[in-house]
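Colleague: quick one: sequence plus predicted model below, questions after.
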Amino acid sequence: MTKLAHLILENGTIFYGISEGIEGETIGEIVFNTAMTGYQEIITDPSYYGQIISFTNPHIGNIGTNEQDEESKKIFAKGIITKSISSISSNFRSIQDLSEYIKKKKIIAISNIDTRKLTHILRKNGSQYGCIQSELYMNKKKAIINILRYKKEKKNKKNISIGVKNLQEWIPEKSINDMYQKKKFHVAVYDFGVKTSILNILHEKNCKITLISPTTSIEKVVSLKPSGILLSNGPGDPRLYTKAIKDTKKLLNLPIPIFGICLGHQILALSLGAKITKMKFGHHGSNHPIQNIYTKKVFITTQNHNFTVDKFSIPENVTVTYVSLFDNTIQGIAVKNHPSFSFQGHPESTPGTHDTHILFDKFIKNMQNQELKNA
């Protein structure tokens with residue numbers, strides 16, 4: 001039986017649609033994603049913590065869901081908005097259709113709304129908080145009150161922590177024997193909400209991986225004697241990660257290669273003295289063109305961020321390496337006289353093209369060169 005639902009924006013705009021997922025009410029910042037594929041990777045990306053994802057592609061769910069495409073076991077997003085969810089799953093890898101999958105993950109969602117109109121509102125007016133209410137919970141006045149309360153609580157929140165709580169070695173579930181195999185490089189990954197695909201690529205490139213909580217002491221991190229350090233993707237305002245910024249600044253005094261991805265890129269920039277600004281509606285999708293400043297080569301990338309490095313605040317010891325061809329925002333930086341660099345997009349590219357996998361090769365090369373110097 002079809003159940004109704006509505007979406008209410010903080011400015012009072014209301015969209016009526018059909019309830020998907022579980023019954024209830026959810027509130028979050030609404031962001032639109034322009035990817036045409038990879039909906040499962042998108043909704044399981046931990047970087048969407050606290051946000052409601054609106055898909056601009058009008059039809060999702062046609063290939064069902066599977067365990068291999070999950071970027072985390074839990075969905076951190078607060079909800080899902082779409083024009084339609086397919087009732088048919090046509091893929092040999094599918095083990096469950098999307099509707100059942102989001103119910104199992106206890107996610108509230110709405111379909112059958114005008115996502116073109118919603119996207120236009122977000123592009124014109126900037127980020128909006130919104131509330132999805134399923135049929136038994138539909139109350140516009142209550143939704144507006146709850147949105148304002150949520151915004152106030154979020155503003156006063158000082159820190160975000162969704163990664164590991166302590167040190168732990170990461171091993172792929174189907175490669176348990178790898179714990180007995182000698183790995184060439186040891187990468188300490190600051191887990192702000194790291195995607196599984198990033199860890200899989202490091203593993204495939206012969207790296208032993210230790211996940212580190214952002215609260216771990218820098219002395220403990222250094223005692224691991226890592227070949228390199230990866231600052232992972234994650235949610236929220238990078239300026240709130242004050243300990244990670246201070247620790248990264250200290251790590252830059254050591255000859256350990258650092259690779260920052262998305263949030264990690266912003267944290268590296270902050271540790272070097274750059275500033276961060278919030279974007280009007282962010283970059284979310286797998287069709288974003290960026291250009292290498294020096295080679296002029298263009299890459300199509302996956303993006304998922306609401307903040308950017310202020311191009312007018314770049315310190316002298318930093319080189320800008322990539323820029324967005326959409327809005328000329330900074331997409332990559334490198335540290336002068338230190339084997340460290342970062343990238344704003346998601347080089348693991350799930351979903352998306354694999355154009356920027358070369359950045360992992362650069363990280364490996366930096367670790368290799370540093371070990372040769374230390375030999």
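Modeller: Right, received. Where do you want to start?
Colleague: beyond the biggest strand by length in the chain, next helix or strand please.
Modeller: The strand that spans the most residues within the chain, counting by DSSP state E, is strand 276-292. Using DSSP states H and E, the helix or strand that follows strand 276-292 in sequence is strand 298-309.
Colleague: name the next helix or strand following that next one along the chain.
Modeller: Heading C-terminal from strand 298-309 (DSSP H and E), you reach strand 318-324.
Colleague: how far is that following strand from where the chain is centred?
Modeller: 20 Å (C-alpha atoms, centre = their mean, to the nearest Å).
Colleague: which positions in it come out as buried?
Modeller: 318, 321-324 (16 or more other C-beta atoms under 10 Å). All C-beta atoms are positioned from the backbone trio N, CA, C, and that covers glycine.
Colleague: which of those lies closest to Glu41?
Modeller: Each of the buried residues of strand 318-324 was scored against Glu41 by C-beta to C-beta, and Ser324 proved nearest at 21.3 Å.
Colleague: state the distance from that closest one to Met279.
Modeller: 11 Å (C-beta to C-beta, to the nearest Å).
Colleague: secondary structure class for Ser54?
Modeller: strand (DSSP: H, G, I helix; E, B strand; the rest coil).
Colleague: that one: how many residues sit nearby?
Modeller: Using other C-beta atoms under 10 Å, Ser54 is surrounded by 23 other residues.
Colleague: same question for Asn287.
Modeller: Neighbours of Asn287 using other C-beta under 10 Å come to 14.
Colleague: confidence-wise, which helix or strand of the chain is lowest on average?
Modeller: strand 168-170 (a mean of 86; mean pLDDT, DSSP states H and E).
Colleague: which ones are touching Gln318?
Modeller: Let me fix one detail, which is that residue 318 is Val and not Gln. 269, 272, 274, 333-336 (C-beta atoms under 8 Å, 6 or more residues apart in numbering).
Colleague: and with 6 Å instead?
Modeller: Residues near Val318 by C-beta atoms under 6 Å, 6 or more residues apart in numbering: 272, 333.
Colleague: list the contacts of stretch 139-155.
Modeller: So stretch 139-155 is contacted by 8, 10, 27, 129, 131, 133 (C-beta under 6 Å, 6+ apart).
Colleague: buried residues in it?
Modeller: For stretch 139-155, burial by neighbour count (16+ other C-beta under 10 Å) applies to 143-144, 146-147, 150.
Colleague: in helices only, show me the residues you listed.
Modeller: Judged by DSSP state H, the buried residues of stretch 139-155 include 143-144, 146-147, 150 as members of helices.
Colleague: those into a markdown table, with extra columns for distance to Asp237 and pLDDT?
Modeller: Listed next are those as a markdown table, based on distance: C-beta to C-beta, whole Å; pLDDT from 0 to 100:
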| residue | distance to Asp237 | pLDDT |
| --- | --- | --- |
| Ala143 | 25 | 97 |
| Ile144 | 24 | 96 |
| Asn146 | 22 | 97 |
| Ile147 | 19 | 97 |
| Tyr150 | 16 | 94 |
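Colleague: any chance of the residues you listed in JSON lines, with distance to Lys297 too?
Modeller: Supplementary listing: these in JSON lines, determined by distance: C-beta to C-beta, whole Å:
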{"residue": "Ala143", "distance to Lys297": "47"}
{"residue": "Ile144", "distance to Lys297": "48"}
{"residue": "Asn146", "distance to Lys297": "47"}
{"residue": "Ile147", "distance to Lys297": "43"}
{"residue": "Tyr150", "distance to Lys297": "43"}
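Colleague: quick test: name the residue nearest the centre of this structure.
Modeller: Ser47 (3.3 Å; C-alpha atoms, centre = their mean).
Colleague: sorry, back to before: top of the contacts of stretch 139-155 by number of neighbours, please.
Modeller: Cys131 leads these on contacts (other C-beta under 10 Å) with 29 neighbours.
Colleague: for it, give the beta-bridge partners.
Modeller: Ile8, Ile27 (DSSP bridges).
Colleague: for Pro289, same thing?
Modeller: So, taking DSSP bridges as the rule, Pro289 has Ile300 as bridge partners.
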